[in-house]
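K.L.:
Return atomic coordinates for the entry below.
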Amino acid sequence: MSAEITIKSKMAEFKDALQAGVNGLVQAGEIYVEALDEDPRNADKFRDEFTDWVPASAWSNFEAIGRKWIHPRLVMGGMSDRKKTSLIKKLPYSTQERVFERERFQLLTADGDTLQIDLMEATIEQAEQLCDGSSIRNLSAQKAWTEARAAAVSQESAEVLPYTIIGGKVTFRRSTVLTRSELKRLLAEM
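P.N.:
Residues are numbered from 1 along each chain as shown. Have a look, this model is predicted:
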């Protein structure tokens, strides 16, 4: 039992230290933004001064955090999937906060029911259905999105093939060129 108490206290200490690190990132971002607002050329001075501490690619994240464009947990790897991370980054900061507070959003299912979904636990397909790039879609927007996606998929599957198969015989259209994968597909259909 004491091992269980020890690990829980270590986890609590870890969480506190991690939160302090996130708060430090936010504070550093705010300081950086203040300096940029005073003079945009200060960006070069910061980069030169902290070249051994901060990679060049991280400065845009400090500005984004300082201006509250992206949530600091997105920089810390707060999402397990890169696609979901990029979807969440496009949302307004206030919505990003709601996501990291584990708020549940309504998701329209294929049969017309709704589910309450936590975006942190959602699949990439669910996240794509919910996030439109600037907000969380409401139910009617989700319905329109799923219908448009289904129409696009059916249009792709309805593409005209350069051949027809009738009675075990293949008839090719004029000037037909097949790739290896198309030829395999043709043989599989026969």
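K.L.:
on contacts alone, who are the packing partners of the least confident helix or strand in the chain by mean pLDDT?
P.N.:
Across the helices and strands of the chain, mean confidence by mean pLDDT, DSSP states H and E is lowest for strand 163-166: a mean of 75. Packing contacts for strand 163-166, counted by 3 or more C-beta pairs under 8 Å, 6 or more residues apart in numbering; DSSP states H and E, involve strand 169-172, helix 180-189. C-betas here are computed from N, CA, C, even on glycine.
K.L.:
continuing past the lengthiest helix in the chain, what's the next helix or strand?
P.N.:
Looking across the chain with DSSP state H, the single longest helix is helix 2-38. Per DSSP states H and E, the first helix or strand lying C-terminal to helix 2-38 is helix 42-49.
K.L.:
and that next one with helix 2-38, angle?
P.N.:
130 degrees (axes from the mean of the first three to the mean of the last three C-alpha atoms, to 10 degrees).
K.L.:
which helices and strands does helix 42-49 pack with?
P.N.:
Short answer (3+ C-beta pairs under 8 Å, 6+ apart): helix 42-49 packs on helix 2-38, helix 59-66.
K.L.:
deepest of those, which one?
P.N.:
Stretch with highest mean neighbour count among the helices and strands packed on helix 42-49: helix 59-66 (a mean of 19; mean count of other C-beta atoms under 10 Å).
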